[in-house]
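J.: 3D model of this:
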Amino acid sequence: MAHMRALRAPHCSFSVRQSCYRLIVKYLAVLVLAVFVPLGCRGSDDGWTLVRSPHFHVYSQLGEHDGRSIGLTLEQLRAFFLTSGALGAHAALENDRAVRVLQFATTSAYASFRPRASADAFFLGSEAVNYIVLAPSGPNRPRTLAHEYAHLVLHSACIHVPPWFAEGIAEVFSSLDITARESLLGGDLPARSQVLRNHALIPLDKLLTMAEDDPLRSRRDDAGIFYAESWELTHMLLFSPQYSPKAGALWAAFNSGAIDGPALASIYGRSIETIESDLRAWIDAPKSAMPLPGIPVQDYPLHASSVNQADSDSVLAALVLASGDLDRAQAVYRTLQTERTSDPAVPATLGSIALRKHDEVKAILEWKRAFDLGVTDPVLCYQYANLLQNAHAPDDQIAAALRRAIELKPGYDDARFRLALLENSRENYGAALDQLRAMRSVPRVRAYTYWLTIASALLETDQRPQAKAAAEKAIAFAATPDQRDAAALLELDTETDMTVQFARDSKGNLQMVTSRKPHGEKGWNPFIELGDQIRTVTGPIRKVECTAGAITGFEIGDTTAPVRVSLPDPSHLLIEGGKAEFYCGAEDGRRVTIQYAAKPVQDGIQGTLRGMHFESAASH
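T.: Sure, this is the predicted structure:
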């Protein structure tokens, strides 16, 4: 028996339970139930039969009857969690994906997949599928299933414990005896106890720190001692009156990391030598099973079918990949590729292997083949789009991959968000808004970018009030001063337009600078300088003042209160509504509205002319 760790363990926490009974039932309860089923089709050493139950896909080389027996037993195991409430916070047990179980007919066939020579069965957790893999069935297969299912529960509940405890607790549950009225857990395993009576124990300091791949576990005799001693130690810590009250502290210590000899001694307030002495005594002590609730037999729908060679090859190839042997998996899938040229799953997997080997170029090439063949995995399409974007591929290719992901999974918010950002950058603002509005939820971590992008797209489509409201939400979600400034600037854009204006530098030199004006405002005069105190006068042009033939000012207004303004530079005057034709010294008579920068009166000049608008005859 063996347990192979998941390739990438999810992040989660485990709540400590002080009660040993509740702790075991809630997180690790398993069930062994022999079920008689009618004899179905017989398998062969080479052929596979698939039996599907609601939560398990059993591939057996021993035929339909065997597959049904395994499927029903495992469904009963899972039912125990449901009826006892043991799923609790871990209601997503098995990640809502069917567990794949493989039962080999021959030791030679099984041997090429086992993690070590001493393993007669093993559990393997991976991102895509969880596996229970079994060597040829023996008289103790119910115990074996219970043992491996315990590993499955540990993995699914994100409970991380050292190898000795993982195997020890799995062995504890392999003793579970279930009836409809009562279940018994923690009884004796005579064969395990006998091993320890006939062999020297592994020193506790070594057992506690032994790694998953320790060479000792590969040698069958030594592995037998490891399993037996792990079981005895775990059993003592959980069931002995002297040790079981500290079960909660033990679990808390597991959450903090590995436990060595001194740490274990500290938990129990006993020296490691005393604990080892107590363990030797526990080996010969009678072991009474703990009573647990029973569970009735249920009728589960099972569907059996034969498996063709191509599909069985794919299943075995996927097992190799899940084990982490990338080179071997790549070779297997290369062979499959020559046989299944139109199957998108093969290049899809080869692309995943290439990516795990950090070869993004090969990953893109393989995933493109899968995409062109019509791959239907939305997550792969999304990952493909990410790779394309990292490789600076054309936007159309990236968008196509994201659209495929959304078509396959309309609720794929990550894909919609990425596509919205892409469309916004391509100035397809309507398409960007469609994707953003179709998202089901917006987590806080992306709320700022979400609302900023909506504000930008609304502004570009001239939906300014809505854009202003979106920009205000972006400001509310800003996490840094820079983010807040960017959102505030966008909010300003919803109410103003960029323009230019003259201003003077520190030396008094005139220069043109960017400025803003209220959105839609007409009559903006760029020659009005920053700091000007602008006044407006309407009246006839009474006099055009000139010096050396050049216009230098005007007198505007009625005879009762004319205004004299200077014109230092005729090129810095905005003239609208009429012709800029004037005669020096003459009374022009045309009626105008002028803008001038008021200044202290000097030589009768009241300010500098900035703008002149000729009034139409109808306005007189």
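
J.: Could you check how far the spatially most central residue of the chain is from Ala211?
T.: Nearest to the geometric centre of the chain sits Asp414, at 8.5 Å (CA atoms, centre = their mean). As judged by CB to CB, to the nearest Å, Asp414 and Ala211 stand 36 Å apart. (C-beta placed from N, C-alpha, C; glycine too.)

J.: Excluding chain neighbours, give the residue nearest to Ala345 in space.
T.: Ser314 (7.0 Å; CB to CB, 6 or more residues apart in numbering).

J.: for stretch 596-611, the distance to its chain's centre please.
T.: Relative to its chain's centre, stretch 596-611 lies at 66 Å (CA atoms, centre = their mean, to the nearest Å).

J.: circling back: what sits against the residue nearest to the centre of the chain?
T.: Tyr382 (CB atoms under 8 Å, 6 or more residues apart in numbering).

J.: for Arg416, same thing?
T.: Here Arg416 is in contact with Ile406, Gln435, Leu436, Ala438, Met439 (CB under 8 Å, 6+ apart).

J.: and it, what are its phi and psi?
T.: Dihedral angles of Arg416 (phi, psi; degrees, to the nearest 10) stand at phi -60, psi -40.

J.: For the closest residue to it other than its chain neighbours, give me phi and psi.
T.: Excluding the flanking residues, the one nearest Arg416 by CB to CB, 6+ apart is Gln435, at 4.5 Å. Dihedral pair for Gln435: phi -70, psi -40, per degrees, to the nearest 10.

J.: Then Thr480?
T.: phi -140, psi 160.

J.: from now on call the first residue 46
T.: Will do, 46 is the new start, and the previous item becomes Thr525.

J.: any idea how far it lies from Ala531?
T.: In terms of CB to CB, Thr525 sits 9 Å off from Ala531.

J.: Please, where are all the strands along the stretch 146-295 of the chain?
T.: 166-170, 175-179, 222-223, 227-230 (DSSP state E, counting those that start in this stretch).

J.: Now render these as JSON lines, adding distance to Ile586, mean neighbour count and mean pLDDT.
T.: As requested, the strands of the stretch 146-295 of the chain are arranged in JSON lines below (distance: least, CB to CB, whole Å; neighbours: other CB atoms under 10 Å; pLDDT from 0 to 100):
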{"stretch": "strand 166-170", "distance to Ile586": "90", "mean neighbour count": "25", "mean pLDDT": "92"}
{"stretch": "strand 175-179", "distance to Ile586": "91", "mean neighbour count": "23", "mean pLDDT": "95"}
{"stretch": "strand 222-223", "distance to Ile586": "108", "mean neighbour count": "20", "mean pLDDT": "78"}
{"stretch": "strand 227-230", "distance to Ile586": "107", "mean neighbour count": "19", "mean pLDDT": "82"}
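
J.: Would you format these as a markdown table with distance to Glu109 included?
T.: Below are the strands of the stretch 146-295 of the chain laid out as a markdown table (distance: least, CB to CB, whole Å):
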| stretch | distance to Glu109 |
| --- | --- |
| strand 166-170 | 21 |
| strand 175-179 | 16 |
| strand 222-223 | 24 |
| strand 227-230 | 29 |
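
J.: To Gly369, which of those strands lies closest?
T.: Nearest to Gly369 among the strands of the stretch 146-295 of the chain is strand 166-170 (9.2 Å), distances taken as CB to CB.

J.: Show me where the stretch 496-645 of the chain has its strands.
T.: So, for the stretch 496-645 of the chain - with DSSP E, counting those that start in this stretch - the strands run 541-549, 555-563, 579-592, 595-601, 608-611, 619-621, 636-647.

J.: most neighbours per residue, which of those strands?
T.: Of the strands of the stretch 496-645 of the chain, the one with the most neighbours on average (mean count of other CB atoms under 10 Å) is strand 608-611, at a mean of 21.

J.: what's the average pLDDT for that strand?
T.: For strand 608-611, mean pLDDT rounds to 95.

J.: for it, the distance to its chain's centre please.
T.: 70 Å.

J.: quick revisit: hmm, which two among the contacts of Arg461 are most spread apart?
T.: Ile451 and Leu481 (12.6 Å).

J.: Stretch 582-602 spans what distance, first to last residue?
T.: For stretch 582-602, the first-to-last residue distance is 7 Å (CA to CA, to the nearest Å).

J.: Same check on stretch 378-396?
T.: Start-to-end, stretch 378-396 (CA to CA) is 10 Å.

J.: What distance do you get for the residue nearest to Ala390 to Ala515?
T.: For Ser359 relative to Ala515 (CB to CB), the value is 48 Å.

J.: where in the stretch 446-595 of the chain is pLDDT low?
T.: 544-547, 555, 557, 559-562 (pLDDT under 70).

J.: picking up where we left off before, of Ser359 and Ala515, give the one with the bigger neighbour count.
T.: Ala515 (26 against 20; other CB atoms under 10 Å).

J.: any idea how far the nearest residue to the more buried one once chain neighbours are set aside is from Lys407?
T.: Once flanking residues are discounted, Ala515 sits nearest to Ala500: 3.7 Å by CB to CB, 6+ apart. Distance check for Ala500 against Lys407: by CB to CB, it reads 40 Å.
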